[in-house]
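Visitor: Provided below for reference: sequence and predicted model.
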Amino acid sequence: MNKIQLSKRLAKVASYIPDKARLADIGSDHAYLPIFCVLSGKISYAIASEIMEGPFEKALSQVEQNGLNSHIKVRLANGLEAVFLDDEIDAITIAGMGGTLIAEILEHGLQKQRLSSQERLILQPNIGESSVRHWLMNNNYQIAAEAILEENDKIYEIIVAQKGIACYSDQELFFGPFLLEEKGEIFHKKWEQELVNRKKILSSLKKAMIPNHKKEEDVQNEITWIEEVLKK
Ligand code: SAM
């Protein structure tokens with residue numbers, strides 16, 4: 001029986017992992033995601049990677065308690081340094097971090113030749129989603145799917161990518177090409193909140209002793225994009 005109950009956010013991330021994939025979960029605090037996927041029979045091999053000693057120990061003990069030592073390898077490493085081409089990983093999850101950090105982990109993995117280009121990337125940035133989309137486009141990854149969901153009053157986005165050439169507009173990189181196309185209820189809720197935040201930021205920037213015209217212009221542009229998208 002699967003004793004691990006995933007959050008709605010992690011369950012949605014898990015839903016994009018192909019059946020029988022060899023998974024690397026980077027930043028695998030408690031290793032809940034790989035444990036759930038192995039216990040449910042979705043996959044039979046995973047690497048759970050952690051950079052911090054504490055979460056690494058927690059992941060190790062969870063894997064051991066579930067009797068999954070032969071299925072899940074817990075590795076203490078910086079991001080994709082936990083992955084070797086011999087592991088034949090074909091799905092990578094990086095969830096619950098900022099978009100800038102996710103992009104840095106991918107870039108570092110690329111530099112260290114830890115990406116085979118065959119793997120599906122399933123990325124769940126808590127903020128800064130556009131940094132992830134920029135990295136994907138600049139490195140010839142195509143966005144294959146996106147999701148947006150709400151849990152405990154927080155809104156999360158999930159970006160799924162595969163190797164492939166794609167060119168996205170500035171607005172698609174900002175809002176997400178699939179999310180922009182769908183414009184669902186949670187998308188509207190998110191961008192209504194973001195509009196309020198940006199209007200506050202703009203008003204503070206205008207009152208600042210030291211003017212930052214570039215920042216003001218950027219925030220004003222984003223406000224215009226959001227207003228346009230919300231009225232359509
Ligand atoms: N992925 C889980 C989730 O979505 O619930 C855990 C998210 S937790 C907020 C982020 C985890 O990523 C932390 O345990 C942190 O130590 C780990 N982490 C941050 N940077 C990392 C890196 N470069 N390599 C591996 N793990 C990292």
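Guide: Yes, it's here.

Visitor: what does this structure have sitting close to the ligand?
Guide: Residues of the chain lying near the ligand by C-beta under 6 Å from any ligand atom: 10, 26-29, 49-52, 55, 78-79, 95-97, 101, 105. Every C-beta, even on glycine, is put in place using the N, C-alpha and C of the backbone.

Visitor: let me know the secondary structure of the residue sitting furthest away from the middle of the chain.
Guide: Centroid-distance maximum for the chain: M209 at 36.7 Å, with C-alpha atoms, centre = their mean. Three-state call for M209 (DSSP: H, G, I helix; E, B strand; the rest coil): coil.

Visitor: what's around the residue nearest to A77 when sequence neighbours are not counted, how many residues?
Guide: Here the nearest residue to A77 in space, its sequence neighbours aside, is S49; by C-beta to C-beta, 6 or more residues apart in numbering that works out to 5.3 Å. By the criterion of other C-beta atoms under 10 Å, S49 has 28 neighbours.

Visitor: in a strand, S49, correct?
Guide: Yes. Assigned with three-state DSSP, S49 falls within a strand.

Visitor: quick one, what contacts it?
Guide: Contact partners of S49, counting by C-beta atoms under 8 Å, 6 or more residues apart in numbering, are 24-28, 74-77, 79-83.

Visitor: so how do I select the buried members of these in PyMOL?
Guide: Buried subset of the contacts of S49, written as a PyMOL selection, criterion 16 or more other C-beta atoms under 10 Å:
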select buried, resi 24+25+26+27+28+74+75+76+79+80+81+82+83
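
Visitor: return the member of the contacts of S49 nearest to the ligand.
Guide: Minimum distance to the ligand across these is 2.6 Å, recorded for G27 (C-beta to the nearest ligand atom).

Visitor: what score does the closest one have for pLDDT?
Guide: With respect to pLDDT, G27 scores 98.

Visitor: next: P177.
Guide: Reading off the model, P177 has pLDDT 98.

Visitor: can you tell me how far it is from L68?
Guide: In this view, P177 and L68 are 37 Å apart by C-beta to C-beta, to the nearest Å.

Visitor: now R114
Guide: 23 Å.

Visitor: more neighbours: which of the two?
Guide: A count of neighbours by other C-beta under 10 Å puts R114 above the other of R114 and L68, at 23 against 20.

Visitor: spell out the secondary structure type for E181.
Guide: Of the three states, E181 takes helix according to three-state DSSP.
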